[in-house]
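1. what follows is a predicted structure for the sequence shown.
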Amino acid sequence: MKRNENFFIGRQWEGVRANGLPTPVINFIKRVTLFVIASNTSNKLEFRATVLNGENPRRELIEKAVNSELKKITKSQRLSRLTREFFLNAAVDGDAASYSFWEDSPEGGLIRTELISNTQIYFGNSASYEVQPQPFIIIERLEETKNIKERARLNGEENHNDIVPEPEYKNSVAPKTRVLLKLFKKEGEVYAAECTKDVFVRRPWALGLRRYPVSYMSWDYIRNSCHGEALVSSLIPNQIFVNKLFAMSLISLTSMAFPKIVYDKTRIESWDNGVGKAIGVFGGGVEGVAKVLSPAEISPQVSEFIRLSIELSQTAAGATGTALGEGVPYNTSAILALQKAAATSNEFTKQNLYDAMEDLGLGYLDFLAGYMGERLIDGELFDF
């Protein structure tokens, strides 16, 4: 995952000992990835609930109440930005995951959603990426030690002072400790337990939910695995090839691009490149005293192959020249048709994103049912 992130942000020579040699970066990975993300998240997403029983006399009230709360949630969570970051995580790391939780507040509480790395979530059944059938889910987080101790104390854990920082964060300004949150189902209800390596932060308690408050997707699914393959992973070998070829071209240019002078040492004692300097010659005329050797030329196939490698890599990822806006606008309708056709290759992944967002919305409905209780809607008492 770290390698993918380095290549995406442009640290593509990380760990390479260049010894002063050029390390050029032609970062087409970032361009392709951001294009795919932007083109698939350009449509504004929103959640809308509909009563299945169309004959329910309170249908309009129910839909109005639920959709009003969903709109508040999506606005507070900035769903559009959340969707882009979620999709970007999948493209770079291979998987994207989010965890939602209820946060108490003086106004009555609200739902929060945070994105988590695919290295911070563990499925009980690692052979499946389906969230709800999992026997349990473990989420790892890194928090300040003092906050964890205080939370454990408030939860009545007598040995809360035994919570210690991780060795690598022990001497930092804000010592941190890893916390594991385990989610599991019992008789159709979701329970949670929170602990550090040696101490409970909170013993098992019911969340009041029937669904795991987790949404998850992989970029490219791998059979019998909960982890997928990232878009960036497939582009890295080509990116390395382009960078190496470009680096070798630069080395050739800097070492061979300038002409060399060969002179007869029996007739010239030493050569002086100074402007306007006179050069003494032994003997008669100057014929055959010195000669300029033309530099070796780089084959034009090198630059052509670099261009072709980038172009084919972008095309394979659905970022064709036309889709990127590089086409000459002779025929607008034809260009739009080609752009639409180029986006088809990412349609499967786009639908995976929509499925993950649907899971997020269903999780919000679960929170509304479990935590909102009775509210006054249009002068009528409504129980979520």
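-> Alright, I've got the coordinates.

2. the closest residue to residue 293 other than its chain neighbours: neighbour count?
-> With CB to CB, 6 or more residues apart in numbering as the measure, residue 260 is the residue that lies nearest to residue 293, at 4.7 Å, once sequence neighbours are left out. Yep, even glycine has a C-beta here, placed from its N, CA and C like the rest. When neighbours are defined as other CB atoms under 10 Å, residue 260 has 10 of them.

3. which ones are touching residue 260?
-> For residue 260, the contacting residues are 292, 293, 295, by CB atoms under 8 Å, 6 or more residues apart in numbering.

4. format those residues as a markdown table; extra columns: neighbour count.
-> Rendered in a markdown table, the data for the contacts of residue 260 read as follows (neighbours: other CB atoms under 10 Å):
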| residue | neighbour count |
| --- | --- |
| 292 | 9 |
| 293 | 9 |
| 295 | 14 |
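
5. secondary structure, distance to residue 48 and pLDDT added to those residues, as TSV?
-> What follows is these, written out as TSV (DSSP: H, G, I helix; E, B strand; the rest coil; distance: CB to CB, whole Å; pLDDT from 0 to 100):
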residue	secondary structure	distance to residue 48	pLDDT
292	strand	77	80
293	strand	75	76
295	coil	67	71
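
6. which one of the residues you listed is nearest to residue 118?
-> Each of these was checked against residue 118 using CB to CB; the closest is residue 295, at 50.3 Å.

7. pretty sure the closest one contacts residue 258?
-> Yes: taking CB atoms under 8 Å as the definition, residue 295 is a contact partner of residue 258 at 6.2 Å.

8. what distance do you get for residue 250 to residue 22?
-> From residue 250 across to residue 22, the span is 4 Å (CB to CB, to the nearest Å).

9. please apply the same query to residue 274.
-> As judged by CB to CB, residue 274 and residue 22 stand 29 Å apart.

10. next one: residue 49
-> In this structure, residue 49 and residue 22 are 58 Å apart, going by CB to CB.

11. between these two, which has more neighbouring residues?
-> Between residue 49 and residue 22, residue 49 has the larger neighbour count (other CB under 10 Å), namely 17 against 14.

12. residue 216 - that's part of a strand, no?
-> Yes: if the criterion is DSSP: H, G, I helix; E, B strand; the rest coil, then residue 216 is within a strand.

13. export the helix or strand hosting residue 262 as PDB, just CAs?
-> For residue 262, the element it lies in under DSSP states H and E is strand 260-263. Output of strand 260-263 as PDB, limited to C-alpha atoms (Å, rounded to 0.1, in the frame of the first residue of the first chain):
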ATOM      1  CA  LYS A 260      34.300  16.500 -28.600                       C
ATOM      2  CA  ILE A 261      37.500  17.900 -30.100                       C
ATOM      3  CA  VAL A 262      40.400  15.500 -31.100                       C
ATOM      4  CA  TYR A 263      43.800  17.200 -31.700                       C
END
